[in-house]
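Engineer: Sequence and predicted structure, then a few things I'm wondering about:
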Amino acid sequence: MYLYHFFDKSVGPFKNLSDLSIEKAKEVLERIKVSKPSSQSASRHDKYVEYRRNCERIIQTEFEKIGGKIYRTPPHYMVVEFSP
């Protein structure tokens, strides 16, 4: 099994919207909508950042409940196996 981390070459790997404030993350998404309108990120809705933060909180809380240790907040996202 392999984990893959997809990223924009112009930005570099392991850059994470959740590392930014909500306002800065929304600014980044707005720039993406203008500069790369056909990208997946450009199609995200206006409340995407807030929904994402909420989901991350839920997942981290549930992970901690079962004894998981969180070493990085927020998480980096990866996919299991290659996705074209």
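Structural biologist: On my side now, so go ahead. Numbers count the residues shown, from 1 in each chain.

Engineer: which residues does Lys15 contact?
Structural biologist: Lys15 makes contact with Phe7, according to CB atoms under 8 Å, 6 or more residues apart in numbering. Backbone N, C-alpha and C define where each C-beta goes, glycine included.

Engineer: Got phi/psi on it?
Structural biologist: Backbone torsions of Lys15, given as degrees, to the nearest 10, read phi -100, psi 130.

Engineer: Can you check the pLDDT for it?
Structural biologist: At Lys15, the pLDDT value in this model is 93.

Engineer: any idea what sits nearest Lys26, other than its immediate chain neighbours?
Structural biologist: Residue nearest to Lys26 in three dimensions, not counting chain neighbours: Val49, with 5.6 Å by CB to CB, 6 or more residues apart in numbering.

Engineer: Tyr77 now?
Structural biologist: His5 (7.3 Å).

Engineer: Wait, that neighbour touches Pro75, no?
Structural biologist: No: assessed by CB atoms under 8 Å, His5 is found out of contact with Pro75, at 11.4 Å.

Engineer: Mind checking which of those two has more residues around it?
Structural biologist: More crowded of His5 and Pro75, by other CB atoms under 10 Å: Pro75, with 14 against 10.

Engineer: Helices along this structure, start to end?
Structural biologist: If you assign secondary structure with DSSP state H, the helices in the chain sit at 22-35, 48-65.

Engineer: can you redo those helices as CSV with mean neighbour count?
Structural biologist: Written out in CSV, the entries for the helices of the chain read as follows (neighbours: other CB atoms under 10 Å):
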stretch, mean neighbour count
helix 22-35, 14
helix 48-65, 13
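
Engineer: Which one of the ones you listed lies nearest to Glu81?
Structural biologist: Proximity to Glu81 (CB to CB) singles out helix 48-65 among the helices of the chain, at 20.5 Å.
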